[in-house]
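Undergrad: got a sequence here, can you model it:
(one chain, ligands or ions: 1)
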Amino acid sequence: MTLLEVERLAVSYGPRPALSGVDLSVAEGETVCVLGPSGGGKSTLLRAVAGLAEPDAGTIRLAGRDQAGVPAHRRGLGLMFQDHQLFPQRDVGGNVAFGLRMRRVGRAERRRRVAELLELVGLPGAERRRVSALSGGEQQRVALARALAPSPRLLMLDEPLGRLDRDLRERLVVELRQLFRRLGTTVLAVTHDQGEAFALADRVVVMREGRIAQAGSPAEVWGRPADAFVARFLGFRNLAAGRVGTGGTADTDWGPVPVPEGTPPGPCRLLIRPSGVRFLPPDAAASPGSPGALPATVRARTFRGDHVLLLLAPASGPPLEAACPLRAAPAEGERVGLAFDPSEVVLLPLPDAADSGEPDVAPGKAPGPA
Ligand SMILES: Nc1ncnc2c1ncn2[C@@H]1O[C@H](COP(=O)(O)OP(=O)(O)OP(=O)(O)O)[C@@H](O)[C@H]1O
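TA: Numbering: from 1, shown residues only. As a prediction, the model looks like this:
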């Protein structure tokens, strides 16, 4: 069943639209992560659903009920927003019990529920601890327990792990996912970190300039970015324009690039995943005329744990990124021959003539698929 339905939502601050024509639905028990560059409208969407930003147009329905005119505190939502700090003067138990006290839940029941929630977020018995004596990660867990305490029908998280270091974030994201599954919580979360969104979400929604650029499962969005903007936002760098010929290849600045079978001839825009850049034996580089071999020099190597990311300067065309296992990675400065794996080449839609082109997005790291 659909819990949240947003239709043609528009919000503006003064003359500037922050959201326009946003359609989004969240099913019961689903975790949806909204991501996108800064200023894309993510927080505004959350605030509008929460009743903290006034829509100019469109509807927001929760469990089928139009929320127009329903104040924030009557929407039955759990909020964990960046600007919603813990109460420093209350202990952990007092913070978690806050929403229950507001709902006049009796003392014994409150105690039981707080103990249960602290157990759930991995802080059993922490009721009497002072908030100021907690680590950043522990504070986030308390904030989460506080948001979950009144059993909200929809939990809304704005950059839930924003302030934590990477290690802790990666660990907490897994725990959160398990927790939401176990409780059957419906979650709408906002993050600018694609790794976090892909790890947490059943569905990701990429926003750009107040509109939804793409929505789909993490595998769909990762596997088939809707356009060059989404591809760049996800950290893909190997993007090119070209023309598909009849021989199963596209002519690009990098020379011929094999395209998936059945690609129609004509102009195209394509993306080569870093894992689709293959290294040929060095002698192939010495004979650039051989099919598929593009001479290149390794400019930089970045160690990424289970693989190495290589920045390559090809003999023609813009720089390329390649990913390969450490033991197979050529050295910096080495000359290599390159070929492309057609199964790692993705055709992107051509930009509309009306589109003034995709704005650049800040370079990001490419996350691994969740
Ligand atoms: N209170 C406000 N008053 C005026 N303009 C605002 C206000 N809040 C947001 N905006 C503007 O609305 C647009 C969308 O902002 P929003 O905070 O929703 O984006 P975001 O995607 O959440 O960004 P970030 O990742 O930086 O938090 C931006 O252009 C922003 O400058």
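
Undergrad: list the buried ones in the longest helix along the chain?
TA: For the chain, the helix that runs over the most residues, judged by DSSP state H, is helix 166-183. Of the residues in helix 166-183, those with enough neighbours to count as buried (16 or more other C-beta atoms under 10 Å) are L168, R169, L172, V173, L176, R177, L179, F180. Where C-beta positions appear, they are placed from N, C-alpha and C, glycine not excepted.

Undergrad: got a list of contacts for it?
TA: When contacts are taken as C-beta atoms under 8 Å, 6 or more residues apart in numbering, the neighbours of helix 166-183 outside the stretch itself are 31, 120-122, 136-137, 140-141, 144, 148, 155, 160-161, 164, 185, 187, 193, 195-196, 199-200.

Undergrad: before we move on, back to that, looking at the buried residues of helix 166-183, which is nearest the ligand?
TA: Of all the buried residues of helix 166-183, the one sitting nearest the ligand is R169; the distance, using C-beta to the nearest ligand atom, is 16.1 Å.

Undergrad: quick check: that closest one vs T191, distance?
TA: For R169, the distance to T191 (C-beta to C-beta, to the nearest Å) stands at 10 Å.

Undergrad: same check, this time on R129
TA: R129 sits at a distance of 28 Å from T191 (criterion: C-beta to C-beta).

Undergrad: what are the boundaries of the helices in the chain?
TA: Taking DSSP H as the criterion, the chain contains helices spanning 42-50, 92-102, 107-120, 136-148, 166-183, 194-200, 218-223, 228-233, 282-286.

Undergrad: what about the last one, average pLDDT?
TA: Okay, so that is helix 282-286. Within the predicted structure, the mean pLDDT of helix 282-286 is 58.

Undergrad: cool, the second one as well?
TA: Looking at helix 92-102 alone, the average pLDDT works out to 92.

Undergrad: list the buried residues of it.
TA: If you call a residue buried by 16+ other C-beta under 10 Å, then helix 92-102 has these buried ones: V92, G93, G94, N95, V96, A97, F98, G99, L100.

Undergrad: quick one: residues contacting the fifth one.
TA: Yep, that's V96 we're talking about. The neighbours of V96, taking C-beta under 8 Å, 6+ apart as the test, are V114, L117, L118, E127, V142, A145, R146, A149.

Undergrad: now with 7 Å, please.
TA: For V96, the contact set (C-beta atoms under 7 Å, 6 or more residues apart in numbering) comprises V114, L117, L118, V142, A145, R146, A149.

Undergrad: tally up the residues packed near the nearest residue to V259 once chain neighbours are set aside, please.
TA: Distances taken as C-beta to C-beta, 6 or more residues apart in numbering put A250 closest to V259, at 5.1 Å, once the chain neighbours are dropped. Residue neighbour count, defined by other C-beta atoms under 10 Å, stands at 27 for A250.

Undergrad: list the beta-bridge partners for A250.
TA: Listed beta-bridge partners, A250: V244, V257 (assigned using DSSP bridges).

Undergrad: pretty sure it is touching P258, no?
TA: No - contact criterion C-beta atoms under 7 Å: A250 and P258 do not qualify, at 8.0 Å.

Undergrad: just to revisit the earlier point, I'd like the buried residues of helix 92-102 laid out as a markdown table, including distance to the ligand.
TA: Written out in a markdown table, the entries for the buried residues of helix 92-102 read as follows (distance: C-beta to the nearest ligand atom, whole Å):
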| residue | distance to the ligand |
| --- | --- |
| V92 | 28 |
| G93 | 31 |
| G94 | 29 |
| N95 | 24 |
| V96 | 26 |
| A97 | 30 |
| F98 | 25 |
| G99 | 24 |
| L100 | 29 |
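
Undergrad: and T249, how far from the ligand?
TA: In this structure, T249 and the ligand are separated by 39 Å, where distance is defined by C-beta to the nearest ligand atom, to the nearest Å.
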